[in-house]
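Asker: give me a model of this one.
(one chain, ligands or ions: 1)
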Amino acid sequence: DAVERGEYRHYMLKEIHEQPQAIADTLEGRLSGGHILTEIFGVGARELLTRTRAVQIVACGSSYHAALIARYWIEAFAGLPCIVEIASEYRYRQSVVMPDSLLVTVSQSGETADTLAALKLAKTRGYLSELAICNVPESSIVRESKLSLMTRAGPEIGVASTKAFTTQLVALALLALELGRHHGLDNARYEALVKQLETLPGALRGVLTLDGAIKQMAQHFVSKQHALFLGRGTQFPIAMEGALKLKEISYIHAEAYPAGELKHGPLALVDEDMPVIAVAPNDHLLEKLKSNIEEVRARGAELYVLADEDVAHGMTRDRDHLITVPRCGELIAPIVFTVPLQLLAYHVAVLRGTDVDQPRNLAKSVTVE
Ligand code: G6P
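Answerer: Numbers count the residues shown, from 1 in each chain. Reported below is the predicted structural model:
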């Protein structure tokens, strides 16, 4: 193999551990004096990002989950409406293009058939411009796009995306903050958020030390058939990504729900056989999430809480399981909390004896429809 696994048993585990470096590489040369360099998005980016009045993102798989998080950021930091759609849906329906809309594609490979087709179609629909967030500079999607920002994850061999996903989030955070800067984001807040991004490689090194604890926790999932992931705000797409990882490589059926939606269906599924994984960062939704956790606890669910160390106290009771995540800021929290979910899926899959790097029926890059 051209890319070595080294000391790691699987590429996926190696790639999980490469994330601090991949993120440092993705930030390298993109910031100067506490600011994002506008030219990193390509020629003419300053003018285009200033003129942008709406954002449409299309993507598939994990890249779609990264885009869903970017929507929270773009609307919060730049005050611009942002629509996110799965590429295979976008390309086959009549959608409304808002004036001065920027079309953004997110793709690790830059070759996903639906995302590429969606981009080609979008170019005929009157967008202001198109920007690709991609891991392969010479790929079709990058070549078709006027603007681009490369993630620098390096080659990702494991079919289940890990470092490609977290570096996409970094690139999308750069885009959201840059749009913010051109659309009224308070300067002090902007600078504080950029600083937070710079702490990410260290924060990820910290969260990777949870590996042993997560491996222990994984044993409880080996014989399960279902799992429910809960999150709110930017952690809802992270819960979706956690559920996707688990189903892709361990073949356990997993679903994610925004915790506030429990009463509208999933509570009916909750009993002693349903492990529930709740993602609990220290954010403005914490109290809401706590009461959602109480709702599932009251139904006898086996509860696994990933909580920021500052709020972990009192988060769990009796037979609940707690994983304490090192404290981190609200912008980077979704990226930090992704890592324990990747490790959970990984260890469950290893214990179940599946082919972790090559899950059945799946391909790394889906280049046919
Ligand atoms: C496949 C891969 C996923 C990936 C998705 C989109 O399903 O297994 O890991 O997220 O394709 O691929 P892209 O290269 O466009 O990000």
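Asker: and the residue of the stretch 151-300 of the chain found nearest the ligand, how far is that from Ala66?
Answerer: Ranking the residues of the stretch 151-300 of the chain by distance to the ligand (CB to the nearest ligand atom) places Ser161 first, at 3.5 Å. Quick note: C-beta positions are derived from backbone N, CA and C, even for glycine. Computed as CB to CB, to the nearest Å, the Ser161 to Ala66 distance reads 9 Å.
Asker: doesn't Pro275 make contact with Gly242?
Answerer: No - at 11.9 Å, Gly242 does not count as touching Pro275 under the criterion of CB atoms under 8 Å.
Asker: look at these two and report which has more neighbours.
Answerer: The neighbour count for Gly242 versus Pro275, taken as other CB atoms under 10 Å, is higher for Gly242 (28 against 21).
Asker: got the phi/psi numbers for the more buried one?
Answerer: Main-chain torsions, Gly242, degrees, to the nearest 10: phi -60, psi -40.
Asker: let me see the contact set for it.
Answerer: Gly242 makes contacts with 229, 254, 256, 277, 279, 338, 341-342, 344-345, as judged by CB atoms under 8 Å, 6 or more residues apart in numbering.
Asker: from those, which has minimum pLDDT?
Answerer: Across the set of the contacts of Gly242, Val279 stands lowest in pLDDT, at 94.
Asker: neighbours of whatever residue of the stretch 1-150 of the chain ends up closest to the ligand, how many?
Answerer: Closest residue of the stretch 1-150 of the chain to the ligand, CB to the nearest ligand atom: Gly61 (2.8 Å). Gly61: 23 surrounding residues under other CB under 10 Å.
Asker: show me the contacts for it.
Answerer: Going by CB under 8 Å, 6+ apart, Gly61 touches 112, 161, 244, 366.
Asker: so of those residues, which ones are in helices?
Answerer: Leu244 (DSSP state H).
Asker: farthest pair in the contacts of Gly61?
Answerer: Within the contacts of Gly61, Thr112 and Leu244 form the most distant pair, 15.3 Å apart (CB to CB).
Asker: out of these two, which sits in the more crowded spot?
Answerer: Thr112 (27 against 22).
Asker: got phi/psi on that one?
Answerer: Dihedral angles (degrees, to the nearest 10) for Thr112: phi -60, psi 120.
Asker: these two touch, right, it and Ser62?
Answerer: No - with contact defined as CB under 8 Å, Thr112 does not count as touching Ser62 (11.1 Å).
Asker: and the gap between the residue lying farthest from the centre of the chain and Ser223?
Answerer: Relative to the centre of the chain, the most outlying C-alpha is that of Asp318, 31.2 Å out, by CA atoms, centre = their mean. As judged by CB to CB, Asp318 and Ser223 stand 21 Å apart.
Asker: do Asn292 as well
Answerer: Using CB to CB, we find Asn292 at a distance of 26 Å from Ser223.
Asker: what about those two, which has more around it?
Answerer: For Asn292 and Ser223, the more surrounded residue by other CB under 10 Å is Asn292, and the numbers stand at 25 against 10.
Asker: low-confidence ranges, this structure, go.
Answerer: The model of the chain has pLDDT under 70 over residues 1-2.
Asker: can you rerun that using 90?
Answerer: In the predicted model, the chain carries pLDDT under 90 at residues 1-4, 266, 271-273, 283, 289, 291, 298-300, 313-319, 368-369.
Asker: can you give me the helices in it?
Answerer: With DSSP H as the criterion, the chain has helices at 11-17, 19-27, 45-51, 61-73, 87-90, 113-122, 140-143, 163-182, 187-198, 200-208, 211-218, 235-250, 286-298, 333-352.
Asker: and the residue nearest to Ala307 when sequence neighbours are not counted, how far from Leu289?
Answerer: Excluding the flanking residues, the one nearest Ala307 by CB to CB, 6 or more residues apart in numbering is Ala280, at 4.2 Å. As for Ala280, its distance to Leu289 is 6 Å (criterion: CB to CB).
Asker: those two: which is more packed in?
Answerer: More crowded of Ala280 and Leu289, by other CB under 10 Å: Ala280, with 29 against 25.
Asker: now do the contacts for the more buried one.
Answerer: Contact analysis of Ala280 by CB under 8 Å, 6+ apart lists 286, 289-290, 293, 305-308, 311, 315.
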